[in-house]
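Student: with the sequence up front, the predicted model follows.
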Amino acid sequence: MGFVLLSWPSMAHKPLRELASAGGVSLGTAQAVVDDLTRAGYLYEVAGERRLGRAGELLNRWSEAYSTRLAPVLSLGDFEASDISWWRDSEDELTRLDVQVGGEAAASVLDPHLIPSTLTLYADERPRSLIGKHRLARAEQAGNVHVRRRFWTVARQAWIVPPTLIYADLLASGDPRQREHADRIRLSGDRLAHLDRL
């Protein structure tokens, strides 16, 4: 649920049930998270309305937790492709299949200095037609195409995942080059820079 608040800060004032639904968690879990974030000073009230504060610090903590706890359990499969550039011309196809691009491929949209060597896709289930069409072969090891389960339910507004997740994906990669690009998009991207000002 921290991801939802960081990606859509205006949702902080929404009713608990709506926050739970957006984050794909139970009402009890949502209440516990709100309580924890309030105690830690990341959520506070103004005129009876919840607001997000110290969001840059929360982004640091969430990205670290994503890397160690959440990312490892999201895998829907690792694949190998001889060419991953097809995704750039596939916005309509990806949107139709409700698949979003994350990781360094998505980062290359925000930062043209980055030439991605991997592709990360987020979907509710393994996109078999996409895998078949683009000849993605199951990888014995890590592969260069990673398919992950989408863990939020906020209405998809773009074929690229929110910058919050792009940033966390880059940090979680463990690749110094990707971490450097994570720093660059955090400083230059409006949405991430805005979190550091909250």
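Tutor: Okay, I see it. Small disclaimer: the values here were computed from a predicted structure and weren't measured. Residues are numbered from 1 along each chain as shown.
Student: what sits against the residue nearest the centre of the chain?
Tutor: Relative to the mean C-alpha position of the chain, the nearest C-alpha, by C-alpha atoms, centre = their mean, is the one of residue 165, at 2.4 Å. Residue 165 makes contact with 3, 7, 66, 102, 122, according to C-beta atoms under 8 Å, 6 or more residues apart in numbering. Yep, even glycine has a C-beta here, placed from its N, CA and C like the rest.
Student: confirm that the third one sits in a strand.
Tutor: No - going by DSSP: H, G, I helix; E, B strand; the rest coil, the assignment for residue 66 is helix, not a strand.
Student: now it. Nearest residue, chain neighbours left out?
Tutor: Using C-beta to C-beta, 6 or more residues apart in numbering and skipping the chain neighbours, the partner closest in space to residue 66 is residue 168 (4.4 Å).
Student: count the residues that sit near that neighbour.
Tutor: Using other C-beta atoms under 10 Å, residue 168 has 26 other residues around it.
Student: for residue 77, same thing?
Tutor: When neighbours are counted by other C-beta under 10 Å, residue 77 registers 16.
Student: look up the residues forming beta bridges with it.
Tutor: Note on residue 77: beta-bridge partners by DSSP bridges are residue 147.
Student: so which of the contacts of residue 165 belong to strands?
Tutor: 102, 122 (DSSP state E).
Student: mind putting the contacts of residue 165 into a markdown table with distance to residue 108?
Tutor: Shown next, in a markdown table, are the contacts of residue 165 (distance: C-beta to C-beta, whole Å):
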| residue | distance to residue 108 |
| --- | --- |
| 3 | 21 |
| 7 | 19 |
| 66 | 20 |
| 102 | 11 |
| 122 | 16 |
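Student: just the closest of the contacts of residue 165 to residue 179, please.
Tutor: Residue 179 has its nearest neighbour among the contacts of residue 165 in residue 66, at 14.0 Å by C-beta to C-beta.
Student: give me every residue that touches the closest residue to residue 101 other than its chain neighbours.
Tutor: Leaving out its chain neighbours, the residue that sits closest to residue 101 by C-beta to C-beta, 6+ apart is residue 160, at 5.3 Å. Neighbour list for residue 160: 100-102, 106, 109, 166 [criterion: C-beta under 8 Å, 6+ apart].
Student: so residue 50, which of the three states?
Tutor: Using three-state DSSP, the structure places residue 50 in strand.
Student: and the pLDDT at the residue nearest to the centre of the chain?
Tutor: With respect to pLDDT, residue 165 scores 96.
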